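A.B. asks: No letters, just coordinates:
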């Protein structure tokens, strides 16, 4: 039923697109993405694509948003039938895309993957612009080591187990735990949930164990952890007893950083659109198909208002 | 004998189970760690001097649960069933609260009050929807509230377009943690205010008597001129108010709303708090104080387990074991057995006494 | 066992704690007869039936069935079924979500190999031969109540029953359906089945039955051939009074006639449960509604109080037109109502005596004006003393009091509202003799204080003693109004039985 619905939707979409008389000089771009409501990250990602692939920049963009892989597949097929010039995909799942991408290749449509990789042979797409989560983790852990604390007692709050971001961001820290440079006070998943993160920190506080670092794998969980500290009257951030680390660079999180309530926030850039646009316009196929989006880490002591304006995701 | 039985029913008898549970937990913790209940003053990030310690964690952490349990007690008493949509309804209320606060440019005290009143109105609306289904259409409360339980978090999702928007205001921050200059967590103060409001309501209206009458014998209540439908509806609307208060506290604590996880699974803990408080889940006589104690028992159990280094994910399983024990001890079968044993002991004493007198 | 007899019960005794439910009762059923088992509430009809069907074990006596050597051993409903005793209860005990055929054969298969087609065919035959308008594959719930009942009977017939017990089968059927059922009963009778028919509709007894056995207070009054027991006599036997004896009964005390002022007046008042009727009561008058159980006397007073859904009529209280559709409106107009079923409609069992006493007054005062604890205690003490209520304390839950004391608490509840018109439906049922007298005296005292009272009792003597006017009902209709010299048992019986009421 849902497939049927998606098919009907895709068809309607194609028909309406066909009905639109459009200037021939615009590049037709079909975008298959997750809905902006998924997260602040996604909202920023979608907004970025809308900004870059605009009519002023010479594009005619048709987006399709779904969290379901099969609906995404149907939509991609629809874009191919409609004869788009370029297909951009952030897939819900890594599998099942061979057939569609082969069809795209046969139709001479250029395919770019962004944000997430797909399990297909490299020749089926032009390039993949993605984040390197493991690198994000390393950057963060290196920053932490630079702080030169006497001892590292870390509460490690993990994202949804098995997700790309969790595996990447956990790796670097796990290496430190194994090496013995840092002590694992607690390592638990809060599945990206703020409230659960708060509970984890509460449980550690009530158990009476000492800790001086909270490493949360996204901003929301860091916020939950901080709420627990505030309730227990434990100071945190710059000049505080506990170092707070988060990821994603939401605008509100960077503001916390600027205010000195947190210490570090690692970027996970949703801004792949410009890189892809440059590739399309240059017409070149890059030598290395997997392009890693450069990502930064921000320190509370050095972050500026410009950084917040440039790199902050979301409204505030 | 009858006189004593009557007294026990009206007096602390009902509170026996939660009080015993609290006493056991206190003793257990003191043996394990004599400093378990020590309270210290600390200065937190915003520069407030605040009270901290396990005891504060318990009382503070149980706030939302205690507030919901108050409302749930009324619904249980009047309708003989429970509202399982309180968590979902709180997500809706919290979403409305966040939406309005985010809509205001400078967040003033007025904005916060306005946002709370709006979320209160919405929660009361959803409460009356549940109440209508139960009171007018006579649907089992659990079935009726299953509807909102299922769709509530989706509705909450629509209100803020899905993402997890944050609110950043010193006022909401103070509601969620501490008001500058007051070392007691604000949610604890809110619980006290709600408890006071409830006791004033019972004092200055006949709500308590009517609710019990409806819960015990609906037909009798009706023939004594009580509007049964209205009383049931009112119980759900009052629960709606509790939901909006709990939802707002939850939002203010984290400074953001996550419609999927705000007060998740709290409905079951709420019902449990009512049950541990010695209230019959079949309706009728009730004691709000019992339910509040029940909420503290549950939170105390959680913190005790935390203190024993049980991780927050494992806590649920351990909690279940203790709760099974509590509920079984409070069950009619065990109660009857206890009454019998105590009765036998009394009789034995009486006989002995009589024998002595005879001598 | 004499020829033609299918069932004999001799010297049946059954004791419950504190009650002798059956005392040395005999009952005989012949094949091919329809035998009415009659008696007022508590006479022992249902106990006798339950002993026969194995729900209760008898304490003494013997049961013999045709075709069985010696005494029949009935220790469970299954035993009864196996020896050919089938019962169809008032409430349908079949499964509404199964088909007619499935209902007829459910739980009867000798093995797992019962084929659906086979039993559907068999069901079809039986239904046709009995003239029951149902198809075997029809879902039972889609049949009317009457047909469902007939399916239950068909099931019994197919089980080769010799004794068929019909317990109040007609109470929820309309006239046409009753006739359908009767023709089925006559058909079964012609096939030699003995039918025991329990009902409270007198007309139906005379329409379809051959014999009547009357029970009263757990004892056998007698067995009669229908032609030899006129309806008036039957009523007298059920109530335990010989006609001559009734005539000579003394009436004592002054019966309050009331003043000329009318307290309450209704024209063509009706409710979902009763037909339109006219009624009025004067200030300080005590009247009564009488009739057998199910005659509509309770339903009528419930309509006055707004206890059931009021569907029409014009009402005046103290000369002023008022609207009474809900209990609270009746209460605000000075009407109080003590319901017939104390447990279901009267007491609020877990609440204290004090709370039960003040309840009605509190509701009249309003939601935002609660009585203070001190006031409530004062009222409770006052009425506990005035009505001599025996309770451990005013905080004792009413549920732990004896029936009579519970009733006094409910009385206190209404007296506390100082009503102009008090309706008492069966205030004396199930309570001890002493309390009964107290309540009757209280009624007379209230009338002296200019309160109008409607007093309903199953015991006619009580009503004759207190009421100056009796409204007689039969089959949900007012069939007579007795005053003055007509107020004697004879006349009441005649009117109830459908005799010539003047």
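C.D. replies: Sure thing, it's come through. No experiment lies behind these values; they were computed from the predicted model shown. Numbers count the residues shown, from 1 in each chain, chains lettered A, B, ... in the order given.

A.B. asks: Might you name the residue of chain C sitting closest to chain A?
C.D. replies: Across chain C, the shortest distance to chain A (Cβ to the nearest Cβ) belongs to residue C:97, at 28.8 Å. For the C-beta atoms, the positions are set from N, CA and C on the backbone; glycine is no exception.

A.B. asks: which stretch of helix or strand covers residue B:244?
C.D. replies: helix B:228-254 (DSSP states H and E).

A.B. asks: Just the helices from the stretch 101-250 of chain A, written as ranges.
C.D. replies: With helices called from DSSP state H, counting those that start in this stretch, the stretch 101-250 of chain A shows them at A:133-146, A:164-179, A:194-207, A:219-232.

A.B. asks: Packed most tightly, which of these would that be?
C.D. replies: helix A:219-232 (a mean of 27; mean count of other Cβ atoms under 10 Å in any protein chain shown).

A.B. asks: Counting neighbours, what do you get for residue B:212?
C.D. replies: When neighbours are defined as other Cβ atoms under 10 Å in any protein chain shown, residue B:212 has 21 of them.

A.B. asks: before we move on, what about the one 4 residues further on?
C.D. replies: Other residues near residue B:216 come to 23 when the count uses other Cβ under 10 Å.

A.B. asks: I figured it hits residue C:347, correct?
C.D. replies: No: counting by Cβ atoms under 8 Å, residue B:216 does not reach residue C:347; the two are 9.0 Å apart.

A.B. asks: Give the buried residues for stretch A:37-51.
C.D. replies: Neighbour-count burial for stretch A:37-51 flags A:37-49 (criterion: 16 or more other Cβ atoms under 10 Å in any protein chain shown).

A.B. asks: Briefly note if that stretch comes near chain B.
C.D. replies: Yes: Stretch A:37-51 lies within reach of chain B by Cβ under 8 Å from any Cβ of the partner chain, at A:37-40, A:43.

A.B. asks: Outline the domain layout of chain B.
C.D. replies: Listed by automatic domain parsing, the domain ranges of chain B are B:50-309, B:318-359.

A.B. asks: wouldn't residue C:225 be in contact with residue C:211 here?
C.D. replies: Yes: counting by Cβ under 8 Å, residue C:211 is a contact partner of residue C:225 at 5.8 Å.

A.B. asks: which residue does the stretch 101-250 of chain B bring closest to chain C?
C.D. replies: Residue nearest to chain C within the stretch 101-250 of chain B: residue B:225 (3.6 Å; Cβ to the nearest Cβ).

A.B. asks: What is the neighbour count of that residue?
C.D. replies: Neighbours of residue B:225 using other Cβ under 10 Å come to 20.

A.B. asks: quick one, what contacts residue 218?
C.D. replies: Just so you know, I chose chain A. Taking Cβ atoms under 8 Å, 6 or more residues apart in numbering or on different chains, we find residue A:218 in contact with A:159, A:165, A:192, A:246-248.

A.B. asks: To clarify, I was referring to chain B.
C.D. replies: residue B:228.

A.B. asks: Retrieve the pLDDT associated with it.
C.D. replies: If you check residue B:218, the pLDDT there is 95.

A.B. asks: residues near residue A:251, how many?
C.D. replies: 18.

A.B. asks: mind checking how far it is from chain B?
C.D. replies: Distance, residue A:251 to chain B, by Cβ to the nearest Cβ, to the nearest Å: 9 Å.

A.B. asks: Without its sequence neighbours, what residue ends up closest to that residue?
C.D. replies: residue A:312 (3.2 Å; Cβ to Cβ, 6 or more residues apart in numbering or on different chains).

A.B. asks: picking that back up, what's near enough to touch the residue lying closest to the residue of the stretch 101-250 of chain B closest to chain C once chain neighbours are set aside?
C.D. replies: Once flanking residues are discounted, residue B:225 sits nearest to residue C:328: 3.6 Å by Cβ to Cβ, 6+ apart. By Cβ under 8 Å, 6+ apart, the contact set of residue C:328 is B:225-227, C:363-364.

A.B. asks: Who wins on neighbours among these?
C.D. replies: residue B:226 (25 neighbours).

A.B. asks: Now do the contacts for that one.
C.D. replies: Residues in contact with residue B:226 (Cβ under 8 Å, 6+ apart) are B:210, B:213-214, C:328, C:363.

A.B. asks: For the residue of the stretch 201-316 of chain A found nearest chain B, grab phi and psi.
C.D. replies: Using Cβ to the nearest Cβ, the single residue of the stretch 201-316 of chain A nearest to chain B is residue A:233, 3.2 Å away. Phi and psi for residue A:233, reported as degrees, to the nearest 10, are phi 70, psi 30.

A.B. asks: so the residue nearest to it when sequence neighbours are not counted bridges to which residues?
C.D. replies: Spatial nearest neighbour of residue A:233, excluding adjacent residues (Cβ to Cβ, 6+ apart): residue B:42 at 3.2 Å. Beta bridges link residue B:42 to residue B:50, judged by DSSP bridges.

A.B. asks: residues near residue B:42, how many?
C.D. replies: Neighbourhood size, residue B:42 [other Cβ under 10 Å]: 16.

A.B. asks: quick one: residue A:208 and residue B:307 touch, right?
C.D. replies: Yes: counting by Cβ under 8 Å, residue A:208 does reach residue B:307; the two are 6.9 Å apart.

A.B. asks: low pLDDT regions in the stretch 1-150 of chain A?
C.D. replies: Counting by pLDDT under 70, the stretch 1-150 of chain A has low-confidence residues at A:1-24.

A.B. asks: where do the strands sit along it?
C.D. replies: For the stretch 1-150 of chain A, the strands defined by DSSP state E, counting those that start in this stretch occupy A:27-33, A:59-65, A:86-89, A:110-115, A:127-130.

A.B. asks: Need phi/psi at the residue nearest to residue A:251.
C.D. replies: Taking degrees, to the nearest 10 as the convention, residue A:312 sits at phi -70, psi 140.

A.B. asks: Please verify my assumption that it contacts residue A:250.
C.D. replies: Yes: applying Cβ under 8 Å as the test, residue A:312 and residue A:250 come out as touching, 6.7 Å apart.

A.B. asks: Can you pick out the residue with more neighbours from these two?
C.D. replies: Comparing residue A:312 with residue A:250 by other Cβ under 10 Å, the one with more neighbours is residue A:250, at 29 against 24.
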